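the amino acid sequence is not available; the structure is as follows:
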């Protein structure tokens, strides 16, 4: 990686950490720095297994770092706010216009329900649901349940939540070949665990 890119990634990491620490509501139990870093890890893993260029990996890593910064402004429609924050930050730090546009596109692609239109958008969408494949999935789900109750006033019984999660995992599809092959296996294990809870 070019030194200029390494420098920008360092600046981005600091910017993201400080903004989330200073401006993110304490009620954000799921969409927080830990989730952000998990998505960064996800784009690196999926990107390195997808044969993309260094420049494309740079776009993805920047996008992953900043994809949820909009939550510091608002809950609904946070993706647009995230893209705006990312654009302003990257312009200020001299990133190339084409790259900035690609970062904005990647961030907007994470909006639910996901409709990525190119390979990089597919990778970040899969990374955003990387936790579906992890053994710690139910801990993440429990945090989201708490976050929704506090921020959206959406309250579920444990049984309702388990059924909702099962529906979500069963209807969700990964986009990239790596995720379809590797992450899907972990997701299937989590589906089996949810089914066991219901039965």
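That came through, no problem. Quantities reported herein were computed from a predicted structural model and do not represent experimental measurements.

helix/strand/coil for the nearest residue to residue 149 once chain neighbours are set aside?
Nearest residue to residue 149, sequence neighbours excluded (CB to CB, 6 or more residues apart in numbering): residue 155, at 5.0 Å. Heads up, the C-betas are built off the backbone N, CA and C, glycines and all. With DSSP: H, G, I helix; E, B strand; the rest coil as the basis, residue 155 sits in coil.

and residue 155, how many neighbours?
Using other CB atoms under 10 Å, residue 155 is surrounded by 11 other residues.

ok, for the residue nearest the centre of the chain, nearest residue in space, not its chain neighbours?
Nearest to the mean C-alpha position of the chain, counting by CA atoms, centre = their mean, stands residue 128 at 3.0 Å. Nearest residue to residue 128, sequence neighbours excluded (CB to CB, 6+ apart): residue 110, at 4.9 Å.

gap between the residue nearest to residue 149 and residue 113?
Going from residue 155 to residue 113 by CB to CB, to the nearest Å gives 23 Å.

and residue 127, what does it touch?
If a contact means CB atoms under 8 Å, 6 or more residues apart in numbering, then residue 127 has 39, 40, 41, 42, 43, 45, 46, 60, 64 as its contacts.

show the contacting residues for residue 33.
Residue 33 neighbours (CB under 8 Å, 6+ apart): 16, 17, 20, 21, 24.

narrow those residues to just the buried residues.
Among those, those buried by neighbour count (16 or more other CB atoms under 10 Å) are 16, 20, 24.

packing partners for the helix or strand where the first one lies?
To tie it back to what came earlier, the one meant is residue 16. Assessed by DSSP states H and E, residue 16 sits inside helix 3-23. When contacts are defined as 3 or more CB pairs under 8 Å, 6 or more residues apart in numbering; DSSP states H and E, helix 3-23 packs onto helix 33-48, helix 54-66, helix 78-92.
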